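> Quick one, structure for this:
(chains A and B)
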Amino acid sequence: MKRPPDQIQAERAQERGRDLSLLLGVVLALLGPALLGVYYLALQGGAEPRLAEVALARLPLSGVDNPVTAVLVNYRAYDTLMELAVLLAAVLGIWSLGPAPAGFQRSGPVLAAMVSWVVPLLIVTGGYILWVGGYAPGGAFQAGALLGAAGVIVRLAGDPSAGLPAEALQRWLLVLGVLVFTLVGLALMQFGAGFLTYPPKLAKWLILLIEFAATIAIGVSLAAAYVGGKPAGNAEGQAPSAQDRSSSSALGPRPSDLPQ
Amino acid sequence: MTAQFLYGGAGLILFVLGLWSFLVHAPLLRKLIALNIMGGGVFHVLIAVAYRGDGVTPDPVPHALVLTGIVVAVSATALALVLGARMQDEE
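All right, here's what the predicted structure looks like:
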């Protein structure tokens, strides 16, 4: 009984694939303990002098009391600026791939009522987390993640735009983080300090300004990424800001954008 | 010390498991999940490295790195998911 040649070939390829994955499994099963061993030895060696000492020593000059925020927005401000640029680039990439898929079915009354409670709470919590980042764990990224989550919930509940404003305003909100960050840096250069080198007296307020802009940009970017495409050009005129929209749009049904 | 080793070691195991799954499984979605698990493992290790003893402020530099890493991982994953969905639409 003869089998067709394609089938034989396919079987061989499958066998090769199985051998390969077995080999990989063995190699990685050896790699795991090796890494663990190296890690254990590194821990035995005790702590070398670290950047932490420098970071903590300069904390009073950084304008914030939370060392992580100081590292993110003061010492390593460049990194954070570039990171906001990465987030922006990701959203631009997503938008360049075409229009957003249709949203979800409009939620029933129970979910809609829950959303109208949860979304404002998320926004308020986001504001709190942003402020608390000055002296305790918190800050722009955590707050932005909460705003993004609010957007995700609004979209899941049936608003295809995830509570985001019309495209023109959305573009401004997306670049807000990079824009404010860069403008602050350039302004500081004008006054003789280096790019993003904050004078200790102003540091707190500059950091708060940057973090506020970054929070909105991160929240809008995450929600826009969840929408998964360029917003459909439907008429959504009145939209003062992302927060206002995401809290209000979850409430009243708008028959115009009911997806079937 | 033991807790630090267990936490970081769990991260290393997650990393290796993710690497294995990333290399062995063909579907794009599985690869993406595997990549994210690898990333989670790396974050674990970084957090464990930041530990400096009970009652001592942890090293803020790795913590900031992890925060940055999470945002970059999320945005890269989002882009990859949309890209994958578009590829599937084309086919």
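> for chain B, what's the longest helix?
Using DSSP state H to define each element, chain B has its longest helix at helix B:60-90.
> what's around A:Pro60, how many residues?
For A:Pro60, the neighbour count with other C-beta atoms under 10 Å in any protein chain shown is 10. The C-beta positions use only the backbone N, C-alpha and C, and glycine is treated the same way.
> give the contact list for A:Leu30.
Contact partners of A:Leu30, counting by C-beta atoms under 8 Å, 6 or more residues apart in numbering or on different chains, are absent.
> Is it correct that it falls within a strand?
No. A:Leu30 is assigned helix when assessed by DSSP: H, G, I helix; E, B strand; the rest coil, not a strand.
> What does A:Lys230 show for phi and psi?
Phi and psi for A:Lys230, reported as degrees, to the nearest 10, are phi -60, psi 140.
> Excluding covalently adjacent residues, which one is nearest to it?
With sequence-adjacent residues excluded and distances taken as C-beta to C-beta, 6 or more residues apart in numbering or on different chains, A:Lys230 is closest to A:Trp95, at 4.4 Å.
> Would you mind writing the CA trace of the host helix or strand of that neighbour as CSV?
If you go by DSSP states H and E, A:Trp95 is part of helix A:77-96. Extracted in CSV, the C-alpha atoms of helix A:77-96 (Å, rounded to 0.1, in the frame of the first residue of the first chain):
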residue,chain,number,x,y,z
ALA,A,77,13.7,61.2,32.7
TYR,A,78,15.1,60.5,29.3
ASP,A,79,14.1,56.8,29.7
THR,A,80,10.6,57.8,30.6
LEU,A,81,10.3,60.2,27.7
MET,A,82,11.4,57.5,25.3
GLU,A,83,9.0,55.1,26.9
LEU,A,84,6.1,57.4,26.3
ALA,A,85,7.4,57.6,22.7
VAL,A,86,7.3,53.8,22.5
LEU,A,87,3.7,53.8,23.6
LEU,A,88,2.8,56.5,21.1
ALA,A,89,4.6,54.5,18.3
ALA,A,90,2.7,51.4,19.2
VAL,A,91,-0.6,53.3,18.9
LEU,A,92,0.5,54.8,15.6
GLY,A,93,1.4,51.3,14.4
ILE,A,94,-2.1,50.0,15.5
TRP,A,95,-3.8,52.9,13.7
SER,A,96,-1.8,52.4,10.6
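> Name the residues of it that are buried.
Neighbour counts over helix A:77-96 (16 or more other C-beta atoms under 10 Å in any protein chain shown) mark A:77, A:80-81, A:83-84, A:86-88, A:90-95 as buried.
> how much space between the most centrally placed residue in chain B and chain A?
By C-alpha atoms, centre = their mean, the mean C-alpha position of chain B lies nearest to B:Gly39, the distance being 1.4 Å. B:Gly39 is 14 Å from chain A, where distance means C-beta to the nearest C-beta, to the nearest Å.
> re earlier: nearest to chain B, out of the buried residues of helix A:77-96: which one, please.
Closest approach between the buried residues of helix A:77-96 and chain B, by C-beta to the nearest C-beta: A:Ala90, at 3.5 Å.
> Close to chain A: what parts of chain B are there?
B:1, B:4-5, B:8-9, B:12-13, B:15-16, B:19-20, B:23-24, B:45, B:50, B:52, B:57-61, B:63-64, B:67-68, B:70-72, B:74-76, B:78-79, B:81-83, B:85-86 (C-beta under 8 Å from any C-beta of the partner chain).
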